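**Student:** one predicted model, sequence on top.
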Protein chains: 2
Amino acid sequence: MKRVTLRPIGTVHSPVREGKAGWGQVTSEIELLPEHAERLDGIEDFSHIQVIFYLDRVTRRERQMRKFHPRDRQDMPLLGAFATRSQRRPNPIGLTTARLLRREGNTLQVKALDALDGTPVLDIKPYSPRHDIHPEATFPEWVRKLDAEREGETR
Amino acid sequence: MKRVTLRPIGTVHSPVREGKAGWGQVTSEIELLPEHAERLDGIEDFSHIQVIFYLDRVTRRERQMRKFHPRDRQDMPLLGAFATRSQRRPNPIGLTTARLLRREGNTLQVKALDALDGTPVLDIKPYSPRHDIHPEATFPEWVRKLDAEREGETR
């Protein structure tokens, strides 16, 4: 199948340079290329945005993994990569709904964006009630269990 | 900034070959490359999935547009591309939460996927209560107005 080539629209500036953190409390900035500044007009009226980014630190080996346990926990089921939100996927695309704190020119200040410092950003969309909120959705038991455990964490 | 090259993981088979439809009632199939079949294991336990795809029919001219009115309606505000869900964006990446009807091997049957027949798929993620449902989110008035108007439509 024909390859897809994308040019990043900007970069994440984050205090988190490596590893994983309690992302919920992390404040970071998305700096877009100056040519894209105008494309942000009107985004400041949304409280949340969806950030699509390229997980450029994911290794070739991680991309090739097909099945694993969520968080590598043996008490969790063995799942295919596409049944998880893990970064171990063939196209390491990150997708996060982040809280939009402020827009200034070509820069967005956001909260809870789980992207390391320097991560290339591919697209930004406004979070939409009609498209993104599906209260009728159902989930497997392991998701509920993991989420309940994380309630106590910052995220 | 360094370009990002991605290899599609599969293709959309849809009854919709061109133009726009009332996508809400459209049933389509995502056929992944056989090498990815195993990566879907466990996805059948989710009612909804997020499909990230490449809008390969978007023209160069559409990609270059910076500001426009939603649905080209003059009664709507003039907005930057990143403040809308329009396909007119520099990296034409589509992101849709679709209802998962069935999984069979390397194929997913889905409802309400607004992707034309033949569209390349880049990634699939399970819809997650913790990551994707933000009932506290707020939106500008034009979003509420457009959504209210669409209530009567299939989508």
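**Tutor:** Looks like it came in fine. Quantities reported herein were computed from a predicted structural model and do not represent experimental measurements.
**Student:** the longest helix belonging to chain A packs against which elements?
**Tutor:** Identified as the longest helix of chain A according to DSSP state H is helix A:141-150. When contacts are defined as 3 or more C-beta pairs under 8 Å, 6 or more residues apart in numbering or on different chains; DSSP states H and E, helix A:141-150 packs onto helix B:129-132. Heads up, the C-betas are built off the backbone N, CA and C, glycines and all.
**Student:** mind listing what's buried along the helix it packs on?
**Tutor:** B:R130, B:H131, B:D132 (16 or more other C-beta atoms under 10 Å in any protein chain shown).
**Student:** tell me which element A:D114 is part of?
**Tutor:** Per DSSP states H and E: A:D114 is located in neither a helix nor a strand.
**Student:** how long is stretch A:24-39 from one end to the other?
**Tutor:** This stretch, stretch A:24-39, spans 27 Å end to end (C-alpha to C-alpha, to the nearest Å).
**Student:** which element is A:S28 on?
**Tutor:** Following DSSP H and E, one finds A:S28 within strand A:27-32.
**Student:** now do the longest helix of chain A: everything it contacts.
**Tutor:** A:P70, A:R71, A:M76, A:P77, B:P126, B:S128, B:P129, B:R130 (C-beta atoms under 8 Å, 6 or more residues apart in numbering or on different chains).
**Student:** I'd say the first one and A:S86 touch.
**Tutor:** In other words, A:P70. Yes - look at A:P70 against A:S86 with C-beta atoms under 8 Å: they come within range, at 7.3 Å.
**Student:** give the buried residues for the longest helix of chain A.
**Tutor:** A:W142, A:V143.
**Student:** surely A:F53 forms part of a strand?
**Tutor:** Yes - counting by DSSP: H, G, I helix; E, B strand; the rest coil, one finds A:F53 located in a strand.
**Student:** which residues does it contact?
**Tutor:** Per C-beta under 8 Å, 6+ apart, neighbours of A:F53: A:V12, A:I93, A:G94, A:L95, A:T96, A:A115, A:T119, A:P120, A:V121, A:L122.
**Student:** surely the last one is within a strand?
**Tutor:** What it means is A:L122. Yes - the assignment for A:L122 by three-state DSSP puts it in a strand.
**Student:** what's the pLDDT at it?
**Tutor:** A:L122 carries a pLDDT score of 98 in this model.
**Student:** just the third one next, same as before
**Tutor:** pLDDT recorded at A:G94 is 98.
**Student:** on the strand side of things, show who it bridges to.
**Tutor:** Beta-bridge partners recorded for A:G94 (DSSP bridges): A:F53.
**Student:** what's the mean pLDDT across the longest helix of chain A?
**Tutor:** 90.
**Student:** now swap in stretch A:71-87 and tell me
**Tutor:** Here the average pLDDT along stretch A:71-87 is 96.
**Student:** distance from that stretch to the middle of the chain?
**Tutor:** 17 Å (C-alpha atoms, centre = their mean, to the nearest Å).
**Student:** same check on stretch A:115-126?
**Tutor:** Using C-alpha atoms, centre = their mean, the offset of stretch A:115-126 from its chain centre is 8 Å.
**Student:** stretch A:100-110 now?
**Tutor:** 17 Å.
**Student:** check stretch A:14-32 too.
**Tutor:** Distance, centroid of stretch A:14-32 to centroid of chain: 11 Å (C-alpha atoms, centre = their mean).
**Student:** the bottom helix or strand of chain A by mean pLDDT?
**Tutor:** helix A:129-132 (a mean of 87; mean pLDDT, DSSP states H and E).
**Student:** got a list of contacts for it?
**Tutor:** A:Q50, A:T97, B:R85, B:T96, B:T97, B:D132, B:H134, B:A137, B:F139, B:V143, B:D147, B:R150.
**Student:** tell me the two of those residues that are most distant?
**Tutor:** A:T97 and B:R150 (21.4 Å; C-beta to C-beta).
**Student:** number of nearby residues for A:Q64?
**Tutor:** 10 (other C-beta atoms under 10 Å in any protein chain shown).
**Student:** on the three-state scheme, the closest residue to it other than its chain neighbours is what?
**Tutor:** Nearest residue to A:Q64, sequence neighbours excluded (C-beta to C-beta, 6 or more residues apart in numbering or on different chains): A:P90, at 7.7 Å. Under three-state DSSP, A:P90 falls in the coil class.
**Student:** what sits against A:P90?
**Tutor:** Here A:P90 is in contact with A:R63, A:Q64, A:A81, B:R7, B:I9, B:H36, B:R39 (C-beta under 8 Å, 6+ apart).
**Student:** cool, and A:T97?
**Tutor:** A:H48, A:I49, A:Q50, A:V51, A:Y127, A:D132, B:H131, B:D132, B:H134.
**Student:** buried set for the strand or helix carrying it?
**Tutor:** Taking DSSP H and E as the criterion, A:T97 maps to strand A:93-104. Neighbour counts over strand A:93-104 (16+ other C-beta under 10 Å) mark A:I93, A:G94, A:L95, A:T96, A:T97, A:A98, A:R99, A:L100, A:R103 as buried.
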